[in-house]
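# Below: sequence and its predicted model.
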Amino acid sequence: MKISPQLVASIHYTLKNDEGEVLDSSEGQEPLDYLHGKQNIVIGLEKALEGKSIGDKLSVAVSPEDGYGEYDASLVQQLPKDMFTGVDEVEVGMEFHAQTQNGMQIIEVKAIDGDIVTIDGNHPMAGQTLHFDVEVTNVREATADELEHGHVHGPDCNH
Ligand code: ZN
């Protein structure tokens, strides 16, 4: 069975940046299951996996455009601390979900200077070329529920 839309693929992967640092990996864990064709994974990797079968190994370099986007300086903003209502103490590294013009995004607190909080709405891997080493470990039909929801239902799924 070859990976194509509406099938569930399982992959082991290691993600490195241009410097060769490992940013993420499935090593030592279960493979990642995803529903192909639904952009459950970055589009550049999804494209590269199209047509692959169990046992195939590939190395893919995904440009920011096909990955987590270019770094957008306009997503870095400075806000007064008192805008963060409902938070006891704003700290560097905190993440918030915020509704933006690009949909729901994760905003990270990058710096705090007195009453000014600098936030960054870029994905942590925005602007980076993503280097994936991938091995396909399984390909199967998706269930009707999975197709309806647009994602895989694994053991961690709680709905
Ligand atoms: Zn679901």
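Great, that's in hand.
# Not counting stretch 133-148 itself, show me its contacts.
By CB atoms under 8 Å, 6 or more residues apart in numbering, the list of residues contacting stretch 133-148 from outside reads 1-3, 6-14, 16, 31, 33, 35, 45, 48-49, 52-60, 152-153. For every residue, glycine as well, the C-beta is placed using N, CA and C.
# which ones among these are found in strands?
Counted as lying in strands by DSSP state E, out of the contacts of stretch 133-148, are 7-14, 16, 33, 35, 57-60.
# per-domain residue ranges of the chain.
Domain segmentation of the chain under automatic domain parsing yields 7-68+125-149, 73-120.
# and the contacts of stretch 133-148, which are buried?
3, 7-14, 16, 31, 33, 35, 45, 48-49, 52, 56, 60, 152-153 (16 or more other CB atoms under 10 Å).
# can you tell me which residues contact Val92?
Contacts of Val92 (CB under 8 Å, 6+ apart): Val109, Lys110, Ala111, Ile112.
# Also Gly93?
With contacts defined as CB under 8 Å, 6+ apart, the neighbours of Gly93 are Glu108, Val109.
# Low-confidence ranges, the protein, go.
Along the chain, the parts satisfying pLDDT under 70 run over 100-102, 156.
# who's in contact with the residue lying farthest from the centre of the chain?
Farthest-out residue of the chain from its mean C-alpha position, per CA atoms, centre = their mean: Gly114, at 32.3 Å. Listed by CB under 8 Å, 6+ apart, Gly114 has no contact partners.
# Check the one 5 residues further on too.
Contacts were defined as CB under 8 Å, 6+ apart; by that measure Ile119 touches Val76, Gln77, Gln78, Leu79, Phe96, Ile107, Glu108, Val109, Lys110.
# ok, which stretches of this structure are helices?
In the chain, the helices defined using DSSP state H lie at 43-49, 144-149.
# re earlier: now tabulate the domains of the chain in a markdown table and tack on distance to Cys157.
A markdown table is the format used below for these (distance: least, CB to CB, whole Å):
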| stretch | distance to Cys157 |
| --- | --- |
| domain 7-68+125-149 | 9 |
| domain 73-120 | 20 |
